[in-house]
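K.L.:
okay, predicted coordinates and the sequence, questions at the end:
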Amino acid sequence: MSKTILIVDDSSSLRTVVRMALARAGYTVIEAGDGEEGLTKLDGTKINLIVSDVNMPRMDGITFLTHVKAHPRYKFTPVVMLTTEGQDAMKEKGRAAGAKAWIVKPFNPPVLLDAVAKLVLP
C-alpha cells in the first residue's frame, strides 16, 4: 500500500512539481492551496507526511503546522517545510512548531525525496 502525502502550497506550479516527483516515487498525493484548505484535508484520512510552504494566504504554514500538531490523529505526522524562507529565526519557529525538516526553494526533487524517505514510517 502506498504512503499518502499532503502538499500544502499556494503555488499550483510548485504543487505540480512536488506531486510529480512524489508520484513517480510511488506516493499518493493530496493537494491543498493554503493552510485553511490543508486543514480540511485532515478529515480522518491516513496522511503519512505533510509538505507545507510557509508563506501562504488565509493561513500561513507555521499556523497550519500548529493546528496539525494539536490534532490528535495527526500530531505525530511528520511535516517538511518547503519554502523560500531561509532565515535561522524562521527555521527555529518551524522547529518549535514541530517541523521535522526544512528545505529552501528553489529545491532539487531528489533532496525532497530523500527527506521524505527518511521521515515516512514503513
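P.N.:
Structure received.

K.L.:
in three-state terms, label the residue most central in space within the chain for me.
P.N.:
Centroid check for the chain by Cα atoms, centre = their mean gives V51 as the closest residue, at 1.4 Å. The three-state label given to V51 by DSSP: H, G, I helix; E, B strand; the rest coil is strand.

K.L.:
who are the contact partners of it?
P.N.:
The contact partners of V51, taken as Cβ atoms under 8 Å, 6 or more residues apart in numbering, are I5, L6, I7, V8, D9, V18, V79, V80, L82, L112, V116. Using the backbone N, CA and C atoms, a C-beta is placed for each residue, glycine as well.

K.L.:
ramachandran coordinates for the second one?
P.N.:
It stands for L6. phi -100, psi 120 (degrees, to the nearest 10).

K.L.:
wait, L14 sits on F107?
P.N.:
No - with contact defined as Cβ atoms under 8 Å, L14 and F107 do not form a contacting pair (9.3 Å).

K.L.:
now do the shared contacts for these two.
P.N.:
What both L14 and F107 touch, as defined by Cβ under 8 Å, 6+ apart, is the set L82.
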